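# Fold the stuff below for me.
(2 chains)
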Protein chains: 2
Amino acid sequence: MAPSPSWVKALTPSGPQGHELLAKERAQSNIPVQQLSEFLFTKEVLEMKQRILGILQQEKIFDKSQNYFAGRIDRFETALGRAKALRQLCVKHGWSEDEHRMANDLISEPGPYGLHESMFLITLRDQGTPEQHELFYKKAANYEYIGCYAQTELGHGSNVRGLETTATWNPEDKTFIIHSPHLTASKWWIGSLGRTANWAVVMAQLIINGKPYGPHPFVVQVRDMKTHEPLENIHVGDIGPKFGYNTMDNGFLLFNKVKIPHKNMLARFSSVDPNTNKYLRPASPSLIYGTLTWVRSTIVMQSGGVLARGVTIATRYCAVRRQFQDRDNEGGNGENQVINYTMVQIRLLTLLAATFALHFTGRGMQALYSENQKKMALNAGKTSSEKRGAGPEETRAGSDILADLHATSCGLKSLSSSTAAEGLEVCRRACGGHGYSSFSGIGPWYSDYLPTTTWEGDNYMLTQQVARYLLKSARSVLKGETPTNDTTRILKNFLDKSDMGAAFDVLGKDQDLVDAFAWRTAFLTFEASKHRDEQKMGWNDLLVDFYRLSRAHSQYLVVKSFHAALYSPDTTSSLDPATLTLMHKLFRLYALHTLESEASEFYTSAAVTVRQIQLARTSAVMKLLKEIRPHAIRLVDAWDFPDWQLDSSLGRADGRVYEDMFQRASERNPLNGITVDPYPANETLFKRDESKSYRPKL
Amino acid sequence: MAPSPSWVKALTPSGPQGHELLAKERAQSNIPVQQLSEFLFTKEVLEMKQRILGILQQEKIFDKSQNYFAGRIDRFETALGRAKALRQLCVKHGWSEDEHRMANDLISEPGPYGLHESMFLITLRDQGTPEQHELFYKKAANYEYIGCYAQTELGHGSNVRGLETTATWNPEDKTFIIHSPHLTASKWWIGSLGRTANWAVVMAQLIINGKPYGPHPFVVQVRDMKTHEPLENIHVGDIGPKFGYNTMDNGFLLFNKVKIPHKNMLARFSSVDPNTNKYLRPASPSLIYGTLTWVRSTIVMQSGGVLARGVTIATRYCAVRRQFQDRDNEGGNGENQVINYTMVQIRLLTLLAATFALHFTGRGMQALYSENQKKMALNAGKTSSEKRGAGPEETRAGSDILADLHATSCGLKSLSSSTAAEGLEVCRRACGGHGYSSFSGIGPWYSDYLPTTTWEGDNYMLTQQVARYLLKSARSVLKGETPTNDTTRILKNFLDKSDMGAAFDVLGKDQDLVDAFAWRTAFLTFEASKHRDEQKMGWNDLLVDFYRLSRAHSQYLVVKSFHAALYSPDTTSSLDPATLTLMHKLFRLYALHTLESEASEFYTSAAVTVRQIQLARTSAVMKLLKEIRPHAIRLVDAWDFPDWQLDSSLGRADGRVYEDMFQRASERNPLNGITVDPYPANETLFKRDESKSYRPKL
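Residues are numbered from 1 along each chain as shown, chains lettered A, B, ... in the order given. Predicted coordinates:
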């Protein structure tokens, strides 16, 4: 690209400069940013981030300057190059899993090793026998085998039991025949498979002697180890471009009666006895149940940070961008910062509150999960006679906590990933026209995040699991059983008090705000229970109610977690009073804004009055926006995203947004390397100056 | 690309085939699709579509098979090639504007001639003098000059008065000096400017003798007519990749004291007298006012069809896709069509209803606009003494209709484009995982449509105009003036009846449903009026209320328009009774679903009771979904999108969705032309088989 002419280089933005505006923003708040960051992430993690960032920035392959310009093939090639380089850095520096994850967070793009490093390795490790660890896991962990996890099919996503790929046991030569009987049996969406993987864990219907035993995992080589061409009778490739995630090679895979040896069925939990040709039953299905819960809790944990990226970018830009004057103050001091408009605040500051709400919720969930894992490990250590010695109440409490955790993870995964995804789009639009530019950094991030609303349980489908659990809990409470966890407790509390009704001081007391959310959940649960158990309504006719119920319950969980986090000794001892007060305001903003957005359910359940909602809307929320506004920039600063990670013109920490936008467009944009002939009649479409035009290179 | 092996070609999807499922869907409804299509679009337009489609499909340049794969540069080059070819077809076949527009609709991508053919030509025509028509318009209309409309700047979008580019009158040599004093003065987002245009209409602050006169249009040459390189002291280029719209070269433009002659200021309405060096005042600013209203009414008109594309794709796919069994009917006849789940219906069928609601609203608005234009033309024909003869009531009524039309266009533009954009994303997600593939055809369409929510008035900003108008109307009614249009009528009606309260039979009577929406608008208007005019609250503190008010009012307008359309003689004579009944159900679904989504405002205004909302939610809406469900496929068929236009695997009219997905991935995907070395240690990143790998070509 030709550099800009000198008269262009001499130009600066008009009016108060972006860096001046952000400096003023930071000066008007007394929130200790570093202290808050350390509270959110710990000092160790923040230091690790800086260390790893320094290493990545020195490697040319991680240079991001062509990311937004490159086409699919170039982006994929670069992403694979980065995955390799990252692996080498991991080895060189002996990085832990946490350090590896941090590096990936900073690079911020899905990479072709993604599924190798997660589901392929995890499945080999957790579902393989010691012999299989030797055969497969060690080679995979050493990157001699590059693999993926092939479950989803062209015709089957959520419904795993409906998978069509078969693995037929062949008693004669003790092999399995992997086969795709239909086009819809083609594996589809398989991350890392399209171009990269040469091995796959394939989920296939096990068939022995003509009888189906459901989906099981098989290790299958799909490409030649040297030429990397597909093996015979295997058709494999990339599924094509997507809304995002284009640095990843999601793939398809079809088998034409491919034979694999007996040892390739991952046999830790279930297997085929090669002598008797009999199926050996799974040892512990609840372990897999636990893995899914863990994956979902990770999604909840990440959602706050995912959203915070968009909020950081939009909040900074809205503090730099000025547009119009305040209508009541025309002729005032030039144009108004966009963030001063309440219509912008109601969108951005409520999302800022949500980032903290989701962060504390994720943290709470992970604590709950760890606690439960410990209990299970303890229990697994007991002899079976000890287990038999446990009273029925104790046993029920244990399984109740597990079921509660499972339902919680489903509901919160759905709510938190939807909140993050939809919130990012709100942030993008809050940036006005420039939000549409890739340089905003929000659009590409949003596009890459979107699949999270579908995978690990579609956000709509999951709500049925929550409803099912709440219905079960309602039945238990209605039978008069003693509550064993928070869910049954709030249901019982509602039953005990529903006659006299509620009188929550949602505007005055934080605890009452939490209780109002609990009340609404309980009300909707018993409504659903009435429909299903008394009126015997069809399950399908209740799906919309179930969705609402799950949403209500999950919102209660978020409000409760945020509230609990603020009152925990860890918080009160870590934060100074000013920050703590501000956090309480963010809590109230999140809770009251959610309450008034879902007002009709709160009315209907009689948790609040019309007057309270009107006050929440016109007075309390607007007042909180005003009080939080001066701290907006420091609050997003506390999320501690390096500019390199955000890769956003609009979200620059120093506020030099227009300079950055201009520089990217004028000096980095390869399209400006072509000169066209614009006239319709001319045959030759283009004059292309190859010396100026270029494709992005590494 | 290597073709698929023969064993792959022999595979078909499992279970009932897509084409069988859609055939069954079509067989179970008696709605005459052709009749409904003709009612929506007229027979002539449908025939024209087929004729033009046939012509386009014969031209190789319009082949869409590489659209989803190509990178930015290739997409832009192809799009310019298409724009040229289309221009040649227009000349060859003598196509009218309608025919040209139809061809663009079928091609369905923003093209590099886009702003030349719209704003550049329109501005030259409408704001140029006859002399300037000779100089500029004729050449532009003949594509000797290729131009654009350069208004928005890096630092200024919505606030046109804040533009920084200057046009300083130079009395010595009778020229204007066009200059960009700051970086933020750079023109930005200018469609067709990045690579294509060699001329621009530049909006710049006119300065005469040091005094600013506001933004005015100037015609400026920016590139050489032969070499197509930028002229001296002009820095121009493409602004880079965007969330969508990447076939268009949105550009930037900076001027370093560029001189243009006096004749280059478009002088029909205002000009500089070269002899006296005096500014000559604009003749009729209301004309521009009218143009914006027209542009917005076009957006309203198009929004129904924009959304209908997504609804068509998602509805067809959800009828082909089967997943799980009905929980109350396990062991039934295989998996259930996804469209049978109520959670899918509540998302898709309500949007299907919205497509018709928006279509009739757009139609109504355009009728209103034409009627008003006629009146204005009539009035313009009157002598000034005749005008003076008009009574004050008559004059007020005339200007009231104009103001009403302006406010209506603002509110409806905001509501309809938000509904379409957000609805498309709902459609995409309703397709599950496959919605994320570009082959769904929804994502790319959504990405290209999104700017509509920002341009021609940001959807949030516009709501202030609506509120301002409603506040003015409220004042008029409170003063006791006689209502002159529907807005003041519904406000007066509310005042007259607010003491006794409302008792709308929203579940029983269609007219009452419309009246309930009117009631809510009036209630919110008087609330806003109280806040602003009595309590003197700040404008900025009321923006959120204004947004809600505008939304409420616009929803009322949509419900009213849909209702009016159903009772018009044109409708009742065009549609058979079965179709008419179904249309009434769609009306009720749209209105009741909107009502229950916005329930809290309806409660607060006492337009409905809690019981009514509960019934609407749990009974009326669910019943309507059931009744409309069997007709879903025929209803989307009536929107009459050719497969070629949709370019969607999932939305194929014949239901062969999996075959199409597979064929695109396996046989058209250029990424499958590269073979990679996946091991981290190897220096050589890729083996690239150039004979297999290719970049998309024309």
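
# For chain B, what's the nearest residue on the stretch 51-200 of chain A?
A:Gly71 (2.4 Å; CB to the nearest CB). Every residue, glycine included, has its C-beta placed from N, CA and C.

# Give me the neighbour count for that residue.
Residue neighbour count, defined by other CB atoms under 10 Å in any protein chain shown, stands at 23 for A:Gly71.

# Not counting sequence-adjacent ones, nearest residue to it?
What sits nearest to A:Gly71 in space, not counting adjacent residues and going by CB to CB, 6 or more residues apart in numbering or on different chains, is B:Gly71, at 2.4 Å.

# Next, give phi and psi for the one you found.
Dihedral pair for B:Gly71: phi -80, psi 180, per degrees, to the nearest 10.

# now A:Met248
Torsion angles, degrees, to the nearest 10, at A:Met248: phi -100, psi 140.

# measure the closest residue to it other than its chain neighbours to A:Val236 for me?
Among residues not flanking A:Met248 along the chain, A:Pro110 sits closest, at 4.2 Å (CB to CB, 6+ apart). Distance check for A:Pro110 against A:Val236: by CB to CB, to the nearest Å, it reads 19 Å.

# The two - which one has more neighbours?
Set A:Pro110 next to A:Val236 and count neighbours by other CB under 10 Å: A:Val236 wins out with 26 against 22.

# which SS class is that one?
Classification of A:Val236 by DSSP: H, G, I helix; E, B strand; the rest coil places it in strand.

# Can you give me the neighbour number for A:Phe562?
27.

# now swap in A:Asn329 and tell me
12.

# How confident is the prediction for it, by pLDDT?
With respect to pLDDT, A:Asn329 scores 75.

# Tell me the spacing between it and chain B.
With distances taken as CB to the nearest CB, to the nearest Å, A:Asn329 is found 9 Å from chain B.

# Over to A:Gln50?
Relative to chain B, A:Gln50 is positioned 25 Å away (CB to the nearest CB).

# And A:Ala314, by the same measure?
On the measure of CB to the nearest CB, A:Ala314 and chain B end up 13 Å apart.

# hang on, the earlier thing: so the residue nearest to A:Gly71 sits right up against A:Ala70, yeah?
Yes: B:Gly71 lies in contact with A:Ala70 (CB atoms under 8 Å); the separation is 7.3 Å.

# re earlier: tell me if the residue nearest to A:Met248 really is in a helix.
No: according to three-state DSSP, A:Pro110 belongs to no helix; its state is coil.

# Next, the contact list for it, please.
A:Ala79, A:Gly191, A:Tyr245, A:Thr247, A:Met248, A:Asp448 (CB atoms under 8 Å, 6 or more residues apart in numbering or on different chains).

# The fifth one reaches A:Gly111, doesn't it?
Yes: counting by CB under 8 Å, A:Met248 touches A:Gly111, with 7.0 Å between them.

# Mind listing the shared neighbours of the two?
Shared contacts of A:Met248 and A:Gly111 (CB under 8 Å, 6+ apart): A:Ala79.

# Helices - which of the contacts of A:Pro110 land there?
Using DSSP state H, the members of the contacts of A:Pro110 that fall within helices are A:Ala79, A:Asp448.

# Reformat the contacts of A:Pro110 into CSV and put pLDDT next to each item.
CSV is the format used below for the contacts of A:Pro110 (pLDDT from 0 to 100):
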residue, pLDDT
A:Ala79, 95
A:Gly191, 97
A:Tyr245, 97
A:Thr247, 97
A:Met248, 97
A:Asp448, 97
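
# what residue is smack in the middle of chain A?
Nearest to the geometric centre of chain A sits A:Ile299, at 4.2 Å (CA atoms, centre = their mean).

# Dihedrals phi and psi, that residue?
The phi and psi torsions at A:Ile299 (degrees, to the nearest 10) take the values phi -60, psi -40.

# all helices for the stretch 551-698 of chain A, in order.
Remark: helices assigned in the stretch 551-698 of chain A by DSSP state H, counting those that start in this stretch are A:569-574, A:577-597, A:599-604, A:610-615, A:621-628, A:632-637, A:643-646, A:657-663.

# Dump the fourth one to CSV, restricted to CA.
Output in CSV follows, covering the C-alpha atoms of helix A:610-615 (Å, rounded to 0.1, in the frame of the first residue of the first chain):
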residue,chain,number,x,y,z
VAL,A,610,-47.6,-1.8,39.4
ARG,A,611,-46.4,1.2,41.4
GLN,A,612,-43.2,-0.5,42.3
ILE,A,613,-42.4,-1.3,38.7
GLN,A,614,-43.2,2.2,37.6
LEU,A,615,-40.8,3.5,40.3
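
# close to chain B, is that helix?
Yes: applying CB under 8 Å from any CB of the partner chain, one finds helix A:610-615 touching chain B at A:Val610, A:Ile613, A:Gln614.

# Could you pull up the residues touching the closest residue to the first one other than its chain neighbours?
Across the structure, with CB to CB, 6+ apart as the measure, the residue nearest A:Val610 apart from its sequence neighbours is B:Thr604 (5.8 Å). Taking CB under 8 Å, 6+ apart as the contact definition, B:Thr604 lies against A:Val610, A:Ile613, A:Gln614, B:Phe523.

# what two of those residues have the greatest distance between them?
Farthest-apart pair in the contacts of B:Thr604 is A:Ile613 and B:Phe523; separation 14.7 Å (CB to CB).

# which residues sit in contact with A:Thr184?
Per CB under 8 Å, 6+ apart, neighbours of A:Thr184: A:Glu153, A:Leu154, A:Gly155, A:His156, A:Glu164, B:Pro13, B:Ser14, B:Gly15, B:Tyr658.

# can you do 10 Å?
The contact partners of A:Thr184, taken as CB atoms under 10 Å, 6 or more residues apart in numbering or on different chains, are A:153-156, A:162, A:164, B:11-15, B:322, B:658-659, B:661-662.
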